[in-house]
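Chemist: Have a look at this prediction, sequence included:
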Protein chains: 2
Amino acid sequence: MNDEICRNISLTSLRRLPSYLRYLKTQRDNGIDYLSSIIIAQAMELSPMVVKKDLSIAIKVEGKPKLGYHVDSLIKDIEMFLGYDNKKDAVLVGVGSLGKALLSYEGFKNYGLNIIVGFDKEVNEPAILDKKILSIDKFSNLTKRMNIHIGIITTNKEAAQEIANMMVEAGIKAIWNWAPVKLSVPEDIVVKNEDLAASLAVLSNSLSDHQIGGSI
Amino acid sequence: MNDEICRNISLTSLRRLPSYLRYLKTQRDNGIDYLSSIIIAQAMELSPMVVKKDLSIAIKVEGKPKLGYHVDSLIKDIEMFLGYDNKKDAVLVGVGSLGKALLSYEGFKNYGLNIIVGFDKEVNEPAILDKKILSIDKFSNLTKRMNIHIGIITTNKEAAQEIANMMVEAGIKAIWNWAPVKLSVPEDIVVKNEDLAASLAVLSNSLSDHQIGGSI
DNA sequence: TAGATTGTTAATCGATTAACAATC
DNA sequence: TAGATTGTTAATCGATTAACAATC
């Protein structure tokens, strides 16, 4: 009766989309025009059902029975869905070794993310590759002026909450937090925690005696 | 009838354990002796039920009705369960900016991981902090001799598969892969992919119009 | 046309949430 | 004892898997 019941986009599907993209691009570069869910599933070690469900959330150009999915269209659709088409600007605070690593990571531009500048308390070097490093004093002003909505925190855990507050004040809407703390932010701010300890726990567990059920 | 049916340890529970640990340690340092699931849940923005279920997978010393959990015992139990008690040695291949960041990340020692050495094709500096950097030629020999079972790949995507093969040959059992490729390894090798693109997809999605249901 | 693969609807499975007896 | 909080067993919820009609 109600057509507006929300489309079921699962978090796990969303997480898998970037890896489909990687695979599809390599196949496109090999000159492949069409791929079936069966082939994709084999290559990515998933079941064809999962592939079909996942792709269905992003797809505009439907697959063709017997042929499969048109690779070029599929890539475009997924990129569109993931927002890789319109580059998103981000700022980073905390130019330690991790901050430097993210600032110099070339891959982000493929994913629609553009870290335009790094901030730190002390500016020891003027830039990392082509990214300027500025004093934290200039954060608010620049972020507001450039209307930036994504902030990346790579400070130590002591500074993280303070930086988060500053980000919120400056109009940041989404925070990618690499510091090992739980940030408290207003409800409308999205926080994605990159928890190295949690990753490690999963890996470590797989080497121990008491093991969780599924695959990682 | 069958007592041996596997205990249900969920992946999500496992991932949350490190953050309990962080919270419990701060509270212990504040001089708190007992904490109830209700208090913990509030602090971590979970429901008390989730807390009780999560803790129950790791716990040896039971909580006390009316009082709650004994913080010290709880910390010890979780650390034991996560294997933080016996430090695990790991080796890292690919001393680019990301590799350097991981080599110099102080936090790992709290999580029972000890990256003892970094390898690269070209050795531009002899060490990062106290971690030696060695030529990749020495990988197999050293890894076998020291009987190391965890390998971290922070190379570019072109080199990753080759390095994975080398690791497997040298007796590595678990691989933490930061390169954006799907590695193919024998079935008994555990691979944990750290997929920056997937993280970013989730963050990015939250800023867009078509949004997934749950919280991140 | 026959065979293969699609998108979708129904069944299964597993994790989260709720309910509750046990107990300090 | 009464109240609070535990651990556990049952109900709900959501995602994964299976089944199948539609179609190229």
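Modeler: Sure, I can see it.
Chemist: List the residues that contact the nearest residue to A:E169 once chain neighbours are set aside.
Modeler: Leaving out its chain neighbours, the residue that sits closest to A:E169 by CB to CB, 6 or more residues apart in numbering or on different chains is A:S140, at 6.7 Å. Bear in mind the C-beta positions are built from the backbone N, C-alpha and C, glycine included. By CB atoms under 8 Å, 6 or more residues apart in numbering or on different chains, the residues touching A:S140 are A:M166, A:E169, A:A170.
Chemist: Could you verify that A:S140 is part of a helix?
Modeler: Yes: counting by DSSP: H, G, I helix; E, B strand; the rest coil, A:S140 is located in a helix.
Chemist: and it, what pLDDT?
Modeler: With respect to pLDDT, A:S140 scores 98.
Chemist: one step back: list only buried entries from the contacts of A:S140.
Modeler: Applying 16 or more other CB atoms under 10 Å in any protein chain shown to the contacts of A:S140, the neighbour count classes A:M166, A:A170 as buried.
Chemist: okay if I get the contacts of A:S140 as TSV plus pLDDT, secondary structure and distance to DNA strand D?
Modeler: Formatted as TSV, those follow (pLDDT from 0 to 100; DSSP: H, G, I helix; E, B strand; the rest coil; distance: CB to the nearest atom of the strand, whole Å):
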residue	pLDDT	secondary structure	distance to DNA strand D
A:M166	98	helix	33
A:E169	98	helix	33
A:A170	98	coil	32
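Chemist: from the contacts of A:S140, which is closest to A:E194?
Modeler: A:M166 (19.4 Å; CB to CB).
Chemist: Was I right to think that closest one contacts A:F139?
Modeler: Yes: under the criterion of CB atoms under 8 Å, A:M166 makes contact with A:F139 at 6.2 Å.
Chemist: Report the buried residues of stretch A:170-190.
Modeler: Applying 16+ other CB under 10 Å to stretch A:170-190 flags A:170, A:172, A:174-183, A:185, A:189-190 as buried.
Chemist: Find me the pLDDT at A:G31, would you?
Modeler: pLDDT, A:G31: 95.
Chemist: what sits against the residue most central in space within chain A?
Modeler: The structure's chain A has its C-alpha centroid closest to A:Y111; by CA atoms, centre = their mean the separation is 7.4 Å. Shown in contact with A:Y111 (CB under 8 Å, 6+ apart): A:P18, A:L82, A:Y84, B:L196, B:A197, B:L200, B:A201, B:S204.
Chemist: A:A174 and A:L46, how far apart?
Modeler: Applying CB to CB, to the nearest Å, the value for A:A174 to A:L46 is 28 Å.
Chemist: Quick check: of the buried residues of stretch A:170-190, which lies closest to B:L35?
Modeler: Among these, A:K182 lies closest to B:L35 (CB to CB), at 15.3 Å.
Chemist: which residues does the closest one contact?
Modeler: Contacts for A:K182 (CB under 8 Å, 6+ apart) come out as A:N193, B:S19, B:R22, B:Y23, B:A43, B:M44, B:E45.
Chemist: Count the neighbours of the fifth one for me.
Modeler: This means B:A43. For B:A43, the neighbour count with other CB atoms under 10 Å in any protein chain shown is 17.
Chemist: Could you check what's spatially nearest to it, not counting adjacent residues?
Modeler: Nearest non-adjacent residue to B:A43 (CB to CB, 6+ apart): B:Y23, at 5.8 Å.
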